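> my questions concern the predicted model and sequence given below.
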Amino acid sequence: MNTFISATPISNYGATGLRNIVITGFDYFNKYCINTSGEIASKLDGLEINGYRIHGIILPVSYKRAPKILYNVLHRLKPVMVLGLGLAPRADKVILEIAASNVAHFTIPDVDGYKAFNKLIDESRELRVVHTTLPIDRILRICVREQGCEITLGLSIGTYLCGVIGYIIMSYALEHGIYGGFLHLPPHTDLAMRVGLQNFKPLDHIMDSVLCVVRSTIECINNASCSRTPSS
């Protein structure tokens, strides 16, 4: 399982000739001793789909460490798709986040004890909002309408670590002309039982939804006419 990759640039086809996809999840935080997002990123690490290789990365819930790890991964792998995953403890389905803002503002400290207060994530830019470049229309049509995955749209990425990583991913995707976005995941059954949550989904159901998003996006990468924007 990748948690850190050195910063030596390589082609986005990688050493194996496969194109690179990066999927990030998070490690434990607060009372959540296991994290749905980190488990899925770990399980997907190394998976090959139609000429693409997934690199699953588990990030610490740390404002000072997680962005550095992510930037190193992006610099080295030069992916054609980046998908961030995070735990939404009160969610009952997968949430495809539409946007993220350039601000970190924590209501609880991260695992290092740091509590960001109205802080710009990218200090070279003003406060701004960036949007996902994932093919929303295709994902909703294939994953929700055709395959019955429980996925909805959201504007609830927040200003904690999910918002920080989501902002970095969406900014990178927009600047490099690739597909990128963020999914909030509900707790899986094991986590819910451990911490007393009433809302949960089986891990394999959540995995199916994540994989559908990945496969739908791969189809768009292979089809230059695929739209990245919602229909009018």
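Ah, there it is.
> for the rest of this, base every contact and every neighbour count on C-alpha atoms.
Fine.
> residues contacting Ser62?
Neighbour list for Ser62: Asp110, Val111, Asp112, Tyr114, Leu161 [criterion: Cα atoms under 8 Å, 6 or more residues apart in numbering].
> hang on, I meant Lys119
For Lys119, the contacting residues are Val103, Ala104, His105, by Cα under 8 Å, 6+ apart.
> same thing with Ser209?
By Cα under 8 Å, 6+ apart, Ser209 lies in contact with Val94, Cys143, Cys149, Glu150, Ile151.
> before we move on, what about Met207?
When contacts are counted by Cα under 8 Å, 6+ apart, Met207 touches Ile40.
> what's it sitting at in phi/psi?
The phi/psi pair for Met207 (degrees, to the nearest 10) reads phi -60, psi -40.
> so who does the nearest residue to Gly166 once chain neighbours are set aside touch?
In space, and not counting its chain neighbours, Gly166 is closest to Phe182: 5.6 Å by Cα to Cα, 6 or more residues apart in numbering. By Cα under 8 Å, 6+ apart, Phe182 lies in contact with Leu83, Gly84, Leu85, Gly86, Leu96, Glu97, Thr132, Gly166, Ile169.
> same thing but 6 Å
Going by Cα atoms under 6 Å, 6 or more residues apart in numbering, Phe182 touches Leu83, Gly84, Leu85, Glu97, Gly166.
> tell me the secondary structure at it.
At Phe182, secondary structure determined by DSSP: H, G, I helix; E, B strand; the rest coil is strand.
> that one bridge partners, please.
Beta-bridge pairing for Phe182 (DSSP bridges): Gly84, Glu97.
> now do it, the pLDDT please.
On pLDDT, Phe182 comes in at 98.
> what residue ranges in the chain are flagged as low confidence?
For the chain, the stretches flagged by pLDDT under 70 are 1-16, 32, 189-200, 225, 227-232.
> grab the most central residue of it for me.
Gly84 (0.9 Å; Cα atoms, centre = their mean).
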